[in-house]
Structure formats: C-alpha cells, structure tokens
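*Asks:* quick check, what structure comes out for this input:
(one chain, ligands or ions: 1)
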Amino acid sequence: MGKIKIGVIGCGKWGINHVRTAYKLFGDDLKYCSDTNEESLLRVNEISGRIKFSTDLKDIFTDAEVKAVIVSTPAETHFEITKELLLAGKNVLVEKPITLNSDEAKALNDIASEEGLVLMVGHLLLYHPAILKIREYLDNGELGNLQYIYSNRLNLGTIRTEENILWSFAPHDISVIQFLTGSVPEEVTATGAIFVQPNIQDTTLTYLKFKNNVHAHVFVSWLHPFKEQRLVVIGDKSMMVFEDTLKENKLKLYRKGFEMVNGIALKMDAEFESIEFDKTSPLEIEQEHFINCILHDKTPRTDGHNGIEVLETLERAQHELLKV
Ligand SMILES: NC(=O)c1ccc[n+]([C@@H]2O[C@H](COP(=O)([O-])OP(=O)(O)OC[C@H]3O[C@@H](n4cnc5c(N)ncnc54)[C@H](O)[C@@H]3O)[C@@H](O)[C@H]2O)c1
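*Replies:* Numbers count the residues shown, from 1 in each chain. Below is the predicted model of the structure:
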C-alpha cells in the first residue's frame, strides 16, 4: 500500500505482534513506535533498526507524517491516549476493550466523527477467516435458524491486575456472538469466581439472550490447565465448531440436530465435515482493513460504534458480577 506513515504505541506482549505485522505489511511506512518502557526498544530493533522509537508519546502526536496509529497499551490507558491522538488528527486502531466505560467510548466516537477520522477497535476475531466462514454459512442458510452459540476461552493466561477475566478475554467472544447474531442481547446475566487476587474475577460465565429465541453463553478463565478456544454455533439444520487451538480440523460442520416427524423428534446424526478457510493471519487482515478504511474513507467493520456495543454488553455483565 505504502501511502500512509504508521505508528504503534505500546510494544508489550501483544503490541509487538502489531509492530511485526505492520513492518511485514507496510515496511518503512511503519515510522514510529513508542512505549514508556525503554526496554521495548530492543524488541522493536529486532524487527527493524529503521523504526524510530521514543518513550515519549508526544513524539508520535506531533509527527505530522504519521497519520495512522495503533494503540496496544493496557486498557486503562486507551481513553486518554486515543483521545489525544484523535485530537492531534490521527486515525486510530485501538486494542480491545476500546475503553473501560461506554461514556468514554462514546466520547471517542464523537471526536472521531467530528474530525472525520477512522476509529477502529481491535476485535480481532471479526477479521478471522474462520469466523467469516461461519457467518457465510449462517447467511446462506446452511445452518438453518440460529439457536445457540457458546464460547470457551480458557488458558493458564496472563493475570491482569487492573481488569478481571471478563474484560480481558470476553470482549472477543462478545464481539463474535454479536457479529454472528447481528444484534445485541436483550438479557445479560453473569456470575464469576475470585481465587487469586482480591476483587478480580478469575473465571466468569455470562449468559446472553437475544431476540428470536437465540441464546448464548461465554465461559472465560485464566485459571485453567490448558488452552481451549472453542466456539460452538448451533442452528436447526446443522452446527459448526471452531477450535483455533487444534492443529487440524479447526473448523467443522456437523449436519446434526432433530427433525420433528409426526410429533416425534427424530435425531439426525452424521460425521463432521472439515471446512477449509483462508489461512491469512487475522492481524494482517485487521491492519490492512484499517489502512484501507483510511485511504478509501470507509467505515471499519469494528468501528467505534461496534466497540461501544461490545462495551455495553460487558458493562451489563460486570453489573451482574457485582451482585454476586
Ligand atoms: N486483540 C487481541 O487478540 C489481543 C491479545 C492480547 C492483548 N490485547 C490487548 O492489547 C493491549 C495490550 O496488551 P498486552 O498483553 O500487550 O499488555 P502488556 O502489558 O504486555 O503491554 C503493554 C505495553 O504498553 C506499555 N505502556 C503502558 N502504559 C503506556 C503508556 N501510557 N504509553 C505508552 N506505552 C505504555 C507498557 O510499557 C507495555 O510495554 C490490551 O488492551 C489487551 O487487551 C489484544
């Protein structure tokens, strides 16, 4: 593409993937990286010594050439950093969750609209070819009427001190479920458990009820012996399962279910079919989408409004957790 200079703020565990991907896609158009921790410079240098680095964010805010900035700092810093960037005229791709409350997210969305800038949220799975394939199967009627979706996102993961597991893991699942249902839930209930640190849930179970009798649940935990990322989508004609942690058969179609014949529910059973999907990295697709939206004045699939819808569901779930 090569028409826009790019910056990345926050080069930690996830941010460095953004740096590596942006350098692969855009080469020297990735002009600037910034992180308050100067040790990040070493990691950036390993990718390319030509990327400028500063521990002072203002260097990116004031660089007139940099028009697109990816923010991958901890969630509690997203609002302030994104606001400053938008006010400095930069288009922003901010990692999930967009902010820690929907009022702040709405404020960011308003600034972006007023300034005519792209504001995009890193709901990565909405750029995952397997998720897009499930959406395609839903849209073309292959699954029939959607009935139930559940997502397990489990790992002995990075324990956060500022946010609980719901805010750390569940934005992905909620964004996918709302994308597949094409709506926001009518009802949200949630429960959770605290073991490791005071007042921070290590595991939560969120139940979502949508219109047309569509139900879903999200089970997330960073206190789990192995990594499991399993998404199960049940329709009244067939079912799909996506397990990114598997080596093969990551996406399966099961033509299973029940058919009512003369008032009796007859079981339909079959072996699964493995479904192929494009293996391009979702982060590459996400970054390319960001730059394309800037270049062609388009609205991102995961724009500020989408970020707000996910955040509002998180807030409703968090409100339920406080009752526990
Ligand atoms: N989309 C995904 O799949 C995905 C996966 C993991 C993490 N994330 C998100 O990415 C973000 C970063 O997560 P992480 O795991 O890399 O965290 P991290 O703690 O490993 O890295 C954060 C980095 O930001 C830097 N930083 C902190 N405050 C800063 C500031 N004010 N200015 C500049 N730099 C600052 C830190 O020094 C650190 O290097 C979070 O929002 C997280 O939710 C997204």
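
*Asks:* quick check: buried residues in stretch 225-239?
*Replies:* Taking 16 or more other CB atoms under 10 Å as the basis for neighbour counts, the residues of stretch 225-239 that come out buried are 228, 229, 230, 231, 232, 233, 234, 235, 238, 239. Placement of C-beta: from N, CA and C, glycine included.

*Asks:* for stretch 55-68, same thing?
*Replies:* Buried residues in stretch 55-68, counted by 16+ other CB under 10 Å: 57, 60, 61, 63, 66, 67, 68.

*Asks:* per-residue confidence for the closest residue to the third one other than its chain neighbours?
*Replies:* So that's residue 61. In space, not counting the residues next to it along the chain, residue 61 is nearest to residue 88; the distance is 4.4 Å by CB to CB, 6 or more residues apart in numbering. Listed pLDDT for residue 88 reads 97.

*Asks:* before we move on, which element is residue 207 in?
*Replies:* strand 203-210 (DSSP states H and E).

*Asks:* what lines up beside that strand in the sheet?
*Replies:* Strands that pair with strand 203-210, judged by DSSP bridges, come out as strand 187-193 (antiparallel), strand 214-221 (antiparallel).

*Asks:* which single residue in the chain comes nearest to the ligand?
*Replies:* In the chain, no residue comes nearer to the ligand than residue 12, which is 1.8 Å away by CB to the nearest ligand atom.

*Asks:* so that residue: helix, strand or coil?
*Replies:* Reduced to three states with DSSP: H, G, I helix; E, B strand; the rest coil, the structure at residue 12 is coil.

*Asks:* contacts only, for it.
*Replies:* Neighbouring residues of residue 12 by CB atoms under 8 Å, 6 or more residues apart in numbering: 35, 37, 40, 72, 73.

*Asks:* and the residues you listed, which is closest to residue 131?
*Replies:* Lowest distance from residue 131 to the contacts of residue 12 (CB to CB) belongs to residue 72, with 20.9 Å.

*Asks:* and stretch 267-281, how far from the chain's centre?
*Replies:* Between the centre of stretch 267-281 and the centre of its host chain there is 23 Å, according to CA atoms, centre = their mean, to the nearest Å.

*Asks:* pull out the buried positions in it.
*Replies:* Buried positions in stretch 267-281, judged by neighbour count with 16+ other CB under 10 Å: 272, 275, 277, 281.

*Asks:* and that stretch, average pLDDT?
*Replies:* 96.

*Asks:* close to the ligand, is it?
*Replies:* No - figure legend: stretch 267-281 not in contact with the ligand (CB under 6 Å from any ligand atom); closest approach 11.4 Å.

*Asks:* do stretch 242-260 as well
*Replies:* No - on the criterion CB under 6 Å from any ligand atom, stretch 242-260 is out of touch with the ligand, staying 11.0 Å away.

*Asks:* run through the bridge partners of residue 121.
*Replies:* Bridge pairing for residue 121 (DSSP bridges) gives the partners residue 94.

*Asks:* burial of residue 197, as a residue count?
*Replies:* Residues near residue 197, counting by other CB atoms under 10 Å, number 12.

*Asks:* show me what contacts it?
*Replies:* When the contact criterion is CB under 8 Å, 6+ apart, the partners of residue 197 are 159, 161.

*Asks:* one more: the one 3 residues further on?
*Replies:* Shown in contact with residue 200 (CB under 8 Å, 6+ apart): 160, 161, 163, 164, 165, 194.

*Asks:* repeat the analysis, applying 7 Å as the threshold.
*Replies:* 164, 194 (CB atoms under 7 Å, 6 or more residues apart in numbering).

*Asks:* in strands only, show me the buried residues of stretch 267-281.
*Replies:* Of the buried residues of stretch 267-281, the ones assigned to strands by DSSP state E are residue 272.

*Asks:* now do the buried residues in the helix-or-strand element of the chain with minimal mean pLDDT.
*Replies:* Among the secondary structure pieces of the chain, namely its helices and strands, strand 257-261 has the lowest mean (mean pLDDT, DSSP states H and E), a mean of 92. Of the residues in strand 257-261, those buried under the neighbour-count criterion (16+ other CB under 10 Å) are residue 257.

*Asks:* I'd like the buried residues of stretch 55-68 laid out as a markdown table, including pLDDT, secondary structure and distance to the ligand.
*Replies:* Supplementary listing: the buried residues of stretch 55-68 in a markdown table, determined by pLDDT from 0 to 100; DSSP: H, G, I helix; E, B strand; the rest coil; distance: CB to the nearest ligand atom, whole Å:
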| residue | pLDDT | secondary structure | distance to the ligand |
| --- | --- | --- | --- |
| 57 | 93 | coil | 5 |
| 60 | 96 | helix | 9 |
| 61 | 95 | helix | 11 |
| 63 | 96 | coil | 15 |
| 66 | 98 | strand | 15 |
| 67 | 98 | strand | 19 |
| 68 | 98 | strand | 17 |
